[in-house]
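In: please work out how this folds:
(2 chains)
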Amino acid sequence: SQTIHQWPATLVQPVGSPLSLECTVEGTSNPNLYWYRQAAGRGLQLLFYSVGIGQISSEVPQNLSASRPQDRQFILSSKKLLLSDSGFYLCAWSRDGFNEKLFFGSGTQLSVL
Amino acid sequence: SQQGEEDPQALSIQEGENATMNCSYKTSINNLQWYRQNSGRGLVHLILIRSNEREKHSGRLRVTLDTSKKSSSLLITASRAADTASYFCATSALNEKLTFGTGTRLTIIP
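Out: Sure, this is the predicted structure:
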């Protein structure tokens, strides 16, 4: 069966510090991978998606970047965090196409202070 | 934007009652999906209904889709305390990415 791992669960970082959130998927190959951000009490905003190794598409211009160094690994990064980067970050994957069922990780609550 | 909007924003019912949430969207879709999110957790997929379908069932869940009204409803029958969560609809057109609404926060009162 397929599983998705996302870590850390909680992160408190000072403004201006770097960020690295990691997500890995097991039990499937060549998944579509996604990073979403959810503000408190709000819906999900798609940040990045990837259809293959090294292929990253950005949905929203921002202080963040994403990379996919391996087929089932997706990393969200920032060189210098801003207060506005605080939020709940979710990694997800899907099998085929962009509008099929998404499988989500457990999320990372990021607080930038 | 394809973004769905859920209604109501919040709903509180007694355990055992049925809960109904609605989702409206703006343009033609390929499919519509419902997800559940427990507080501080990731989203869990509940049901996917395609544009040529009108109703789907999964256990105590019933989803309807009315493409003429650009709306969908999620019915949870015989609610339980464990159903307390936020429920999101997500829509997409063909070859477009899913867009999520802001959710309905459902509270089941024991």
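In: flag the shaky bits of chain B, pLDDT-wise.
Out: For chain B, the stretches flagged by pLDDT under 70 are B:1-2.
In: got the residues of it near chain A?
Out: Contact residues (Cβ under 8 Å from any Cβ of the partner chain) of chain B with chain A: B:3, B:30-31, B:33, B:35, B:40-45, B:48, B:88, B:90, B:92-103. Every residue, glycine included, has its C-beta placed from N, CA and C.
In: quick one, which of these are buried?
Out: B:3, B:30-31, B:33, B:35, B:41-43, B:45, B:48, B:88, B:90, B:92-93, B:97-103 (16 or more other Cβ atoms under 10 Å in any protein chain shown).
In: tell me how many other residues crowd the nearest residue to A:E26 once chain neighbours are set aside.
Out: Nearest non-adjacent residue to A:E26, counting by Cβ to Cβ, 6 or more residues apart in numbering or on different chains: A:T3, 4.9 Å away. Neighbour count for A:T3, taken as other Cβ atoms under 10 Å in any protein chain shown: 11.
In: how near is A:T3 to chain B?
Out: 12 Å (Cβ to the nearest Cβ, to the nearest Å).
In: ok, that residue touching A:P31?
Out: No: if you go by Cβ atoms under 8 Å, A:T3 and A:P31 don't touch, sitting 11.7 Å apart.
In: what's the overlap in contacts for these two?
Out: The overlap between the contact sets of A:T3 and A:P31 (Cβ atoms under 8 Å, 6 or more residues apart in numbering or on different chains) consists of A:V25.
In: buried sites along stretch A:45-52?
Out: Buried residues in stretch A:45-52 (16+ other Cβ under 10 Å): A:Q45, A:L46, A:L47, A:F48, A:Y49, A:S50.
In: so which of those residues also contact chain B?
Out: A:L46, A:Y49.
In: could you pick out the residues of chain A near chain B for me?
Out: A:6, A:41-44, A:46, A:49, A:59, A:88, A:90, A:92, A:97-107, A:109.
In: for stretch A:83-103, measure first residue to last.
Out: Terminal residues of stretch A:83-103 are spaced 28 Å apart (Cα to Cα, to the nearest Å).
In: tell me the mean pLDDT over that stretch?
Out: Averaging pLDDT along stretch A:83-103 gives 90.
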